[in-house]
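Colleague: sequence and computational prediction follow.
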Amino acid sequence: MSTTAEFDYIIVGAGSAGCVLANRLTEDPDVRVLLLEAGPGDRSLFIHMPSAFAYPLANDTYNWFYDSAPEPFMDGRSIHCPRGRVLGGSSSINGMVYIRGHALDYDAWAEAPGMADWSYADCLPYFRKAETRAKGGDAYRGDSGPLKVSTGTGKNPLYQAFVDAGVQAGYPYTEDMNGFQQEGLGPMDMTVHKGRRWSAAVAYLRPAMKRPGLQVETSALVTRVVFEGSTARGVQVLLKGQLQRFNASREVILCGGAINSPQVLQLSGLGQPDALRSLGIDVVAPLPGVGENLQDHLETYVQYACKEPITLYSAMNPLAKAKIGAEWLMFGTGLGATNHFETGGFIRSEAGVKHPDLQYHFLPMAISYDGKNPSSRHGFQAHVGPMRPTSRGHVRLRSANAKDAPEILFNYMATEQDRKEMRAGVRLTREIFAQRAFDRFREEELAPGTQVQSDAEIDAYIRQKAESAYHPSCTCRMGLDPLAVTDGQGRVHGVRQLRVVDASLMPAVVSGNLNAPTIMMAEKIADAVRGRVPLPRSDAAVFIHPQYQSAQR
């Protein structure tokens, strides 16, 4: 194994968090950073065309293509778990939905020992720092950050029908579910700018790559962190067919995400001691929480046939796709310039729930998230799923070979609480679609189908058909208890000069999509790494339904 140059910081993984850190750390011209990415560059047009995200999502060139172990509470199904393996990570293959989660999620984090500075008041300034919103900034939204965020135009009448139906069903309209009021239905934001995907690679990494202090290596598989005693000194990397070592004088920072970061930690000797020894791995630090506490959002589709030929089904034939692609290439406009998740929302499943525990993404087509199994007719659907699951899973090594995928088990639907919330999601969605706003469009229910009514029938449908929303998290969670892996700044317990920064740090998954929170966390920890004073806390108010204890809507 050859040893090459020494850097101040080595960042493992060029996903959302890794791109942020590469940018922020190299703002100091005296700092040298090495960013290592296991996948290739992000030059494919299918990555940058928003409506084409199903192509990189289904391509193992850009995707780790993980699958879970057979899920015991999902009829033994293995659930697909895509993770980005490309510059930009999952921000280069995801659905580009920009959602921050609810303020009370972060306030709950802050209640744990060692987590006091993760309240919403502490996090909101970093959301604002990261963002430039096309509609402009305010007390909640940013106007000068690297991440460009736009709002869908909602030109298809089905988008407005979904929002109107929600209001007719008794839910509030919310103009900005990332602002004062998450609860309700309304327009959704996306990480799209001028018709192009605005990934973390575009927003943060491209500008940083112009700086002499940053070196980026792609197709670089990190096999382990190298320790001297309990101090991280560098990483071992399979690069260009050769095993190489790179040294870090200040820190190694893992940004591999909720699957790969715990995998690298375990390969490096941090984890449950007996499990590591059984694979022939020397124990550097006993950390039984590594890879545990795995959480994700599970969702299902409620689909209806559409009376009018106005859905995206018209765009699925080859000629239509060619026209859409040509318009996007020439002008950056048209159906190619959107992720098509232009309206959605958050509701509470029952009275007594303080903030929304069900999320909607509406799509004017009947199709699976990754583009498989499209309907053979015009249709529309709502994705719905619980936001704060109580089921817990794990990520554990199968072998000591870094090329072998770890065992991923989510234990979806293991608890009655999760099953109860999913049942409520199906029933409440049917109620929304039954409102008069959809009378013009609605034909028969395609899924689950009107024959699925009882608790047992809905549970069976979920076991057979529900899918991951692609939000794995919480496997290297922050905190000070015996199962916490990192402290409140992402520093790994029991060792020195090793940090984790990605969605695995979350103590509990937030109520929404994870790309925006991951970028926020990286912005916040970047200030900690640099020894900067944190941004001033926000005093922005947050909407809580005044009758939440007695009313579901």
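Modeller: That came through, no problem.

Colleague: any idea of the mean pLDDT for stretch 474-481?
Modeller: Here the mean pLDDT over stretch 474-481 is 98, rounded to a whole number.

Colleague: check stretch 502-511 too.
Modeller: 98.

Colleague: measure that stretch end to end?
Modeller: Stretch 502-511 has its terminal residues 17 Å apart, counting by Cα to Cα, to the nearest Å.

Colleague: off-centre distance for it?
Modeller: Relative to the centre of its chain, stretch 502-511 is centred 9 Å away, using Cα atoms, centre = their mean, to the nearest Å.

Colleague: residue 475 is in contact with residue 395, correct?
Modeller: Yes: here residue 395 reaches residue 475: they are 5.3 Å apart, a contact under Cβ atoms under 8 Å. (C-beta placed from N, C-alpha, C; glycine too.)

Colleague: give the intersection of the neighbour lists for these two.
Modeller: 258-259, 262, 291, 294 (Cβ atoms under 8 Å, 6 or more residues apart in numbering).

Colleague: show me the helices in this protein, by range?
Modeller: 16-25, 45-48, 54-57, 103-110, 120-130, 157-168, 200, 206-208, 257-267, 273-278, 318-331, 416-433, 455-465, 515-529 (DSSP state H).

Colleague: would you mind finding the most buried of these?
Modeller: Taking mean count of other Cβ atoms under 10 Å as the contact definition, the stretch among the helices of the chain with the greatest mean neighbour count is helix 200, which reaches a mean of 32.

Colleague: and which of the shared contacts of residue 395 and residue 475 is nearest residue 223?
Modeller: Of all the shared contacts of residue 395 and residue 475, residue 262 has the smallest distance to residue 223: 14.8 Å, by Cβ to Cβ.

Colleague: isn't that closest one right up against residue 293?
Modeller: No: under the criterion of Cβ under 8 Å, residue 262 lies out of contact with residue 293, with a separation of 9.8 Å.

Colleague: what do the two both touch?
Modeller: residue 475.

Colleague: tell me the buried residues in the lengthiest strand in the chain?
Modeller: Taking DSSP state E as the criterion, the chain has its longest strand at strand 242-254. Judged by neighbour count (16 or more other Cβ atoms under 10 Å), strand 242-254 contains these buried residues: 244, 246-248, 250-254.

Colleague: which of the residues in the lowest-mean-pLDDT helix or strand in the chain are buried?
Modeller: Across the helices and strands of the chain, the lowest-confidence element by mean pLDDT, DSSP states H and E is strand 2-12, at a mean of 87. Across strand 2-12, burial judged by 16+ other Cβ under 10 Å covers 7-12.

Colleague: can you check stretch 279-290 too?
Modeller: Within stretch 279-290, the residues that qualify as buried are 281, 284-285, 287, 289-290, counting by 16+ other Cβ under 10 Å.

Colleague: out of those, which is nearest to residue 146?
Modeller: Comparing the buried residues of stretch 279-290 against residue 146 with Cβ to Cβ picks out residue 290 as the nearest, at 31.2 Å.

Colleague: with adjacent residues omitted, what lies nearest to residue 186?
Modeller: Nearest-residue entry for residue 186: residue 174, 4.4 Å, with adjacent residues in sequence omitted and distances by Cβ to Cβ, 6 or more residues apart in numbering.

Colleague: pretty sure the one you found contacts residue 167?
Modeller: No: with contact taken as Cβ under 8 Å, residue 174 and residue 167 are classed as non-touching, separated by 10.3 Å.

Colleague: helices or strands up against the least confident helix or strand of the chain?
Modeller: Packed against strand 2-12 by the contact rule (3 or more Cβ pairs under 8 Å, 6 or more residues apart in numbering; DSSP states H and E) you find helix 16-25, strand 33-36, strand 231-239, strand 242-254.

Colleague: out of those, nearest to residue 152?
Modeller: Proximity of the helices and strands packed on strand 2-12 to residue 152 was assessed by Cβ to Cβ; the nearest stretch is helix 16-25, lying at 21.3 Å.

Colleague: report how many residues lie close to residue 185.
Modeller: The number of residues packed around residue 185, counting by other Cβ atoms under 10 Å, is 25.

Colleague: for residue 409, which residues are in contact?
Modeller: 68-69, 71, 294, 393-394.

Colleague: quick one on the thing from earlier: where's the residue nearest to residue 186 relative to residue 436, distance?
Modeller: Look at residue 174 and residue 436: by Cβ to Cβ, to the nearest Å, they are 21 Å apart.

Colleague: so which of the two has more stuff around it?
Modeller: Relative neighbour count places residue 174 above the other of residue 174 and residue 436, with 21 against 11, counting by other Cβ under 10 Å.

Colleague: for the more buried one, phi and psi?
Modeller: Here the main-chain torsion angles of residue 174 (degrees, to the nearest 10) amount to phi -120, psi 130.

Colleague: who's in contact with it?
Modeller: Residue 174 makes contacts with 181-186, 345, as judged by Cβ under 8 Å, 6+ apart.

Colleague: and which of those residues is nearest to residue 307?
Modeller: Lowest distance from residue 307 to these (Cβ to Cβ) belongs to residue 185, with 21.9 Å.

Colleague: pull the most distant pair out of the buried residues of stretch 279-290.
Modeller: The largest separation in those, counting by Cβ to Cβ, is between 281 and 289 at 16.8 Å.

Colleague: so which of the helices and strands packed on strand 2-12 is nearest residue 162?
Modeller: With respect to residue 162, and counting by Cβ to Cβ, the nearest of the helices and strands packed on strand 2-12 is helix 16-25 at 28.3 Å.

Colleague: packing partners for the closest one?
Modeller: For helix 16-25, the elements it packs on are strand 2-12, strand 33-36, helix 200, helix 206-208, helix 515-529, judged by 3+ Cβ pairs under 8 Å, 6+ apart.

Colleague: nearest to residue 221, out of these?
Modeller: Distances from residue 221 to each of the helices and strands packed on helix 16-25 were compared by Cβ to Cβ, and the smallest falls on strand 33-36, at 8.4 Å.

Colleague: list the strands paired with that closest one, with their directions.
Modeller: In the sheet, strand 33-36 lines up against strand 2-12 (parallel), strand 214-217 (parallel) (DSSP bridges).

Colleague: pull the residues that contact the longest one.
Modeller: Think strand 2-12. Where contact means Cβ under 8 Å, 6+ apart, the residues beyond strand 2-12 that reach it are 18, 21-22, 25, 31-36, 215, 222, 234-235, 242-256, 261, 264, 529.

Colleague: likewise the last one?
Modeller: Taking Cβ under 8 Å, 6+ apart as the criterion, the residues outside strand 214-217 that touch it are 7, 14, 22, 26, 32-37, 87, 205, 208-209, 237, 239.

Colleague: show me which of these are buried.
Modeller: In those, burial by neighbour count holds for 7, 14, 22, 26, 32-37, 87, 205, 208-209, 237, 239, counting by 16+ other Cβ under 10 Å.

Colleague: if we only consider the residues you listed, which is nearest to residue 307?
Modeller: So of the buried ones among the contacts of strand 214-217, ranked by how close each gets to residue 307 (Cβ to Cβ), first place is residue 87, at 43.7 Å.
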